[in-house]
Structure formats: C-alpha cells, structure tokens
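Asker: Just to be clear, the model below is a prediction. Sequence and coordinates:
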Amino acid sequence: MVCSALNSIRSRRTTDPIATGLYRSWTNVWMGSMLIILSLILMFVFTGSTLSVVVEALFLIMGAYNLFAGLRNRSYYARLQQHADGATGKTSGQSA
C-alpha cells in the first residue's frame, strides 16, 4: 500500500508525461499485487461463506486486472522513454 501511494504521489507531482505514465503503471502493479495478496489472505483466514467467497473473487479479479494493466502500461511507457532518450542525444553511430 505504501509503494502504491508513493508512486501515486510521484505521478501527480511530475510534469513529464512519460514519467507520469511510468509512475501510474507502477501504482497499478502495486495496487494489483496488494489486492491479490488481500484476497489470498481472506481465502485462508476466514470461513467460506457466500459473501466472503464473492468478495475474495472480486478482489482477485480486480487485482489480476490491475497487475496486468500495470505491466502492459509499464512496458509501453518504458519503450516510449527509450525512444525519447534515443532522439534527444544518444546516436546509434550511423552517419547520415
């Protein structure tokens, strides 16, 4: 939860759109991990009432979706940042 909150604060404070996307993707990854862990704890600690099973399944689905979306967005923004770093000054050594 702390990592998710820190990345959320970082994403709101930065002005670079690529860095904002990276921080928000990490927020999704941490939030998804937290929800998955919370659902696993609920599965093993509490008895299997109907309401408990529904809440556990909901947390597990939301966590998996956040984790998947965060990893997908992180790879997108990491590639975008790589292209931006390559265009601003790093050359490949080929002549024009």
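Answerer: Arrived safely, thanks for sending.

Asker: need the contact list for A84.
Answerer: I18 (CB atoms under 8 Å, 6 or more residues apart in numbering). For every residue, glycine as well, the C-beta is placed using N, CA and C.

Asker: With S25 instead?
Answerer: With CB under 8 Å, 6+ apart, S25 has these contacts: G70, L71, N73, R74, Y76, Y77.

Asker: By neighbours, which of these wins?
Answerer: The most neighbours of any of these, using other CB atoms under 10 Å, belong to G70, which has 22 neighbours.

Asker: Check the gap between it and Y76 for me.
Answerer: Distance from G70 to Y76, counting by CB to CB, to the nearest Å: 11 Å.

Asker: same question, E56
Answerer: Relative to Y76, E56 is positioned 31 Å away (CB to CB).

Asker: after the worst-scoring helix or strand of the chain on mean pLDDT comes which helix or strand?
Answerer: Every helix and strand of the chain was ranked by mean pLDDT, DSSP states H and E. The lowest is helix 2-13, at a mean of 87. With elements assigned by DSSP states H and E, the helix or strand that comes after helix 2-13 is helix 17-45.
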